[in-house]
Each structure stands twice: as structure tokens, then as C-alpha cells.
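Chemist: Here you go, sequence then predicted model.
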Amino acid sequence: MNTFSRVTLLVLISNVLQAHAGLPTLPPIPAVPPALPVDSVPLGDSKTATEVKLGIPITPGPFQPTWESIEKNYPGTPAWLREAKFGIWVHFGPQAAGKSGDWYARRLYKPGTPAYKNHLKDYGHPSQSGYKEVLRDWNPVQLDPAKLTALYKEAGARFLIVQGVHHDNFDLWDSRYQPWNSVRLGPKRDLVGEWARAAKAAGIRYGVAFHHEYSWWWWQTAFGSDTQGEYAGVPYDGQLSLADGVGKWWQGLDPRLLYNVDLREYQGVSKAASSPWNPPPDGLFSRHLDYAKWYATRWALRMMDVVDRYDPDFIYTDGTGPQPFSGDHTGTGFKADATQTVIADFYNHALKTRGKIDTFSIIKFRPNTNGTVNTEEGTIPRDIKTDQAWIAETPVGDWYYQPGFTYDSGAVIRYLLEEVARDGNVAICVSPLPDGSLDEGSTRMLQEVGNWLRLNGQGIYGSQAWVRLGEGDNESEGKNDKLRTLPGHALGKKQAEFAFGPHDFRFTKGKDGSLYAYSMAVPAAGAEIKIRSLGSAENLLGKPVKSVSLLGHQGAPLKWKQQADALVITAPSAMPYATAVAFKID
């Protein structure tokens, strides 16, 4: 080895050691009691249980692992989130291989589902070849984070949410605490690292999302078996042990670190596993408390590992409760301070590496807490929502690819307008194909969204809700409860074909102080447009209208007049617009 090589190697070793200097070693998985009959054990009472303090060492700093300390020391959600407004949800991992939409890993163990049928065709029966074989074979050779990030930025995105680990429990980085990861298996690539470098090079913000909190009950399908047919009663591969791997390709990889352990003895767990989504009832896995503490500790350390390696601008935890490991909602199983530990470490880390806290933590459905940002998954709030920072998130089609998605830029744009008018931010998932590429329809859609934002983005980026979110044909006496609203959930044919009328508007207040009235349907050329919220009698602007312009219009100034009951605008004689248009009003 020459001198240069030795120096290079020493630098690399030094960097690795520094990156992990503060992270502890996780002890081996503790002993687990033999499984009892399905549904034979009641869950423990989480409401009366004391929250367990995990005692994980964190980055030194003012933040301690308590909500009181986090709320006291957090300086507030950074301004860059409001400025960014629009982002792309990079919801991509090995479950894309199933070509069956979301939750392929869980549903491949459920006979009759598209995931089960696709798995039989592509891999064989899950008692012989299960999800671990998907992880072995998955290789998204066309995935190019730098190229995709450039496309997302061209589409107007100012931030990325990058999947770090989904419910399948497979880490998409060189994980210190999970040997089932994308560097050791499948593509043998540090995918989170590639996305982090691409985002930083492109100058856009990025965060990493973690969905592994409730993997332990989500994965219980892997412990079952077919109830009929050739393989009736033959256990799926979730039942395998470390010893079963001797002489096989997965030798040395403990299946329990992927599938977790059989918890179907607890009442409601098996039923929840066979349901389309529902978690088990609230409660604690009271016969598995040592394992639960180890599980929660490992959950936290994996997140801290990513923070230490990649210094993301935000972190994201999935769920339906007020915090992971609360013992209720998706926090079923254990009650601990894992979430507070991760967030305190994250903010102390930001102070250490950045000298300031311009980061935030997303916790789905957590009530207003200084230090966290909420989400609205697939939903559109009824009214303006300003009590806390929030990000609306939804996929085009589904959270993982399957054939037959409807790609419509108008649906994305109108969803963006619905959420921004309510003071939200937006993250859209555009699911890559299993090989990591985007198909022609999704690429075209993103390009059209980018073209629209370049024309109309001055009322989006940095904007905030106005005093009224909108008005429309179905509105009654100026109230918002009759607004025609885009259907919620995944964007598809229903949203693409939803027809707004010429009087449907959404309002934003731009960072330039102007009011932007977005017509949800393109007015006809020469049409008379009435905006009732801007009548002089209502005086919602607090002053008379002085000017009105149409973004993108290059011809003669618009004809308009402010009457007592409405602002009346005459559309230009040519309206060459494909979707919603914006009137700038001062």
C-alpha cells in the first residue's frame, strides 16, 4: 500500500470513528418467552403504566429527553419550511418489487391479495421464499438520486422526504443497528446517503422518514400459514430462527431482526394483522417487556445513527398516535421516552454541527408541541389550520408502484392549492418503478407541475393563509363549509376528473404582501369573473383594490371594477392556460 493509500484509509477510518463516537453498542436481543396460543393474553394497561426511561446517551446540549425541555429550548419551526411549501416524498424501497401498491411485505403473507399473487408468480410460496428473498434480489439499477433530484427541483420542489426505513424493517443505509440493510443486501448501496448528497448538491432541504416503530405488530402476518391448499399449515418464513440459516444464503442474519417475534398471543394482534390496516387495541406487550425495551432502544438508535451520519434538515416518524411508543394507537406494545430521546439528540446535534437549530421533527397527529411538525396524510382540513406547522402528504396512485396509476398535473396542482390555502405545506409521493426509474406519465406530470409553478409560484412559495380560504358555487353566505373541495386520499382518476366551476377560488397571501386568488378552473376567454370575498362591502382587504393582474398574461391590462358585492374581472380575449390560474390583487 503506497503512502497516499495509507493516508486515505486513515482519513476514512477517522471519519467513521468520529461519526459513531457518541453512539452506544446495542446488546443482543434478550430472551423471549415461548409463544402462547393466539389471542390468549390480554394486553397490559398502558394508561396506568409508568413511562420507561431508556437512558440512551445523547449528544450533549440544552435539550433533555423530556417534552418540557424540548418545548422550552426549541426556537420555533424554521422559516425555510414556509418558504419551501412544496416537496417530493421519496417513498421508495424494496416493497416496490411487488408491483402491488403499499404494504407489499405484509400482504404477501395474506392469501388472496394482489401482493400474495404477485409473490407466488415472482418468488414462489412465502413458506419457501419470503420477503427476505425479495431483499436479496431487489436491485433498483435505474435509481439515480442526483438525476431524480434535478427533476424534482425542476418540478418546483424545495424539499425531499426520503424514506429511511419502512414498516418492512429494512434500513436503506449502512445501518449500524440493522444488518438487514441496503448496503449488505440487494443493491448494496447506501441509498439514504445518495439522496442526502443529491439534495445537498442541488441546494434543497431533505429529511429522513422512519416507519419502523410498529413493525412488530405489522409483521405478524409472516408468522402465519395458508389455511387451505397445497401449503395449508406450513409456516411462513417469519417462524425461522438464526440456526435455520446455517448453510443458506442468509446465514448469520437473524430473521428476528427483520420479522421481529411472534406476538399473536396478545388479544387483537392476529385480527389486526389480517385486517387491511388496523393496529391492535391499545396496550402493552406485558410478557415481553425486556424485549420491548430492547426494541424501543433499537428504534431510537437507528434514527440517531442517521442523524449522526447525514445531518438531515428534519426527521419524520410515522404513526397515528401522539408519539411513537406511547402505548396507544400505533404506539401499542410499550411506553417509553424513545421519541423524546431521539428529538433531544437531534436538536443538540444540530446545535453542535450547525451552530443553530434550523431543523424540525415530524410526528404524525401530535397535538401542538413546540418542536414538532404535524402531517395530514391524504386529507384536506375543513378550514384554515394555523395552530401548528403541518405538511399535507399524499401519493399519486399509491405509496408504492403498481400498474394503472392516473398521472394528472391538474390534480396535483389543485391539491397543492387546497392545502396551501389552509396554511399547509405539501409533499407529493410519485412512486418509482421497481428498478428506480420514473415512467413517462409521472415524468410528464412533474414537468407540467414545474411549468405551472414557474408561472404561479409567487403566490405559493413563502405564502400564508388569508382570512378566508376560498369561495365557490356551492358556498352559502360566504361560509367555507359549502366549498367544493377536491376529494381526499391518493391522487388518481377521481381527483383528475373532479370538475370545479368558474366561481371556485382559493386564496393565499404572498410573501410580497399581495393577495392571490387562484381560480380552480380556467375562466373562458372574455368571461366576467366575480370574486365575492373582495366586494367593498365586506372590506376583507381593509382597503380598496388598487390593481389586478393575471399571472402569465402578457397583453393589455385587465379590465376590472370593485363593486359592493364583488370584485368583477373580465378575462382576457385569450386564455391559453391548462389548469388553475392566479389573479394578483393589491
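Modeler: Right, received. Where do you want to start? Remember, it's a predicted structure, so these values are computed and weren't measured experimentally.

Chemist: Quick one: mean pLDDT for stretch 103-123?
Modeler: What stretch 103-123 shows for mean pLDDT is 97.

Chemist: can you check stretch 62-70 too?
Modeler: 98.

Chemist: Give me the contacts around it.
Modeler: 53, 56, 58, 73-74, 337, 340-341, 343-345, 347-348, 351, 369-371 (C-beta atoms under 8 Å, 6 or more residues apart in numbering). (C-beta placed from N, C-alpha, C; glycine too.)

Chemist: Give the buried residues for that stretch.
Modeler: Neighbour counts over stretch 62-70 (16 or more other C-beta atoms under 10 Å) mark Phe63, Gln64, Pro65, Trp67, Ser69, Ile70 as buried.

Chemist: Can you tell me, leaving aside adjacent residues, what's nearest to Lys561?
Modeler: Val568 (5.2 Å; C-beta to C-beta, 6 or more residues apart in numbering).

Chemist: That neighbour belongs to a helix, doesn't it?
Modeler: No: counting by DSSP: H, G, I helix; E, B strand; the rest coil, Val568 is not part of a helix but strand.

Chemist: ok, what's across the strand from it?
Modeler: In this entry, Val568 is beta-bridged to Lys530, Lys561, by DSSP bridges.

Chemist: For the residue lying closest to Pro27 once chain neighbours are set aside, grab the count of nearby residues.
Modeler: Distance criterion C-beta to C-beta, 6+ apart; nearest residue to Pro27, sequence neighbours excluded, is Trp294 at 7.1 Å. Per other C-beta atoms under 10 Å, the neighbour tally for Trp294 reads 19.

Chemist: does Trp294 sit in a helix, a strand or a coil?
Modeler: The three-state assignment at Trp294 reads helix, by three-state DSSP.

Chemist: follow-up on the earlier one: list just the nearest of the buried residues of stretch 62-70 to Ala105.
Modeler: Using C-beta to C-beta, Pro65 comes nearest to Ala105 of the buried residues of stretch 62-70, at 30.9 Å.

Chemist: Under a three-state scheme, what state does the closest one occupy?
Modeler: Going by three-state DSSP: Pro65 is coil.

Chemist: Distance of it relative to Tyr131?
Modeler: 33 Å (C-beta to C-beta, to the nearest Å).

Chemist: What of Val141?
Modeler: 20 Å.

Chemist: These two: who's more crowded?
Modeler: Between Val141 and Tyr131, counting by other C-beta under 10 Å, Tyr131 is the more crowded of the two (31 against 9).

Chemist: Contacts only, for the nearest residue to that one once chain neighbours are set aside.
Modeler: Spatial nearest neighbour of Tyr131, chain neighbours left out: Ala105 (4.9 Å); criterion: C-beta to C-beta, 6+ apart. Counting by C-beta under 8 Å, 6+ apart, Ala105 touches Pro94, Gln95, Gly98, Tyr131, Val134, His166, His167, Asp168, Trp219.

Chemist: Out of the buried residues of stretch 62-70, which two sit at the greatest distance?
Modeler: It's Phe63 and Trp67 that sit farthest apart of the buried residues of stretch 62-70, by C-beta to C-beta, at 10.8 Å.

Chemist: Next, count neighbours for Lys356.
Modeler: Neighbour tally, Lys356, other C-beta under 10 Å: 10.

Chemist: typo on my end, Arg382
Modeler: Neighbour tally, Arg382, other C-beta under 10 Å: 12.

Chemist: for Gly513, same thing?
Modeler: Gly513 - counted by other C-beta under 10 Å - has 7 other residues nearby.

Chemist: and it, what does it touch?
Modeler: Gly513 touches Asp586, counting by C-beta under 8 Å, 6+ apart.

Chemist: per-residue confidence at it?
Modeler: Predicted confidence (pLDDT) for Gly513: 97.

Chemist: ditto for Gly319
Modeler: Looking at Gly319, its pLDDT is 89.

Chemist: same check, this time on the one 3 residues further on
Modeler: You'll see Pro322 listed with a pLDDT of 93.

Chemist: With Glu475 instead?
Modeler: Looking at Glu475, the pLDDT reads 52.

Chemist: same question, the one 3 residues further on
Modeler: Reported pLDDT at Gly478 in the predicted model: 48.

Chemist: cool, Arg422 as well?
Modeler: 98.

Chemist: Begin at 345, not 1, for the rest of this chat.
Modeler: Sure thing, new numbering starts at 345, so read that last one as Arg766.

Chemist: what's the distance between it and Asp727?
Modeler: 7 Å.

Chemist: go on, Lys637?
Modeler: Here Lys637 is placed at a distance of 42 Å from Asp727 (C-beta to C-beta).

Chemist: which one of those two has more residues nearby?
Modeler: Neighbours were counted for Lys637 and for Asp727 using other C-beta under 10 Å; Lys637 has more, 17 against 13.

Chemist: ok, and the closest non-adjacent residue to the more buried one?
Modeler: Here the residue nearest Lys637, using C-beta to C-beta, 6+ apart, is Val396, at 6.2 Å.

Chemist: Tell me if I'm right that Thr674 and Gln667 touch.
Modeler: No: Thr674 is beyond contact range of Gln667, at 9.9 Å (criterion: C-beta atoms under 8 Å).

Chemist: Let me see the ranges of the strands in the stretch 345-494 of the chain.
Modeler: Under the criterion DSSP state E, counting those that start in this stretch, strands of the stretch 345-494 of the chain are mapped to 430-434.
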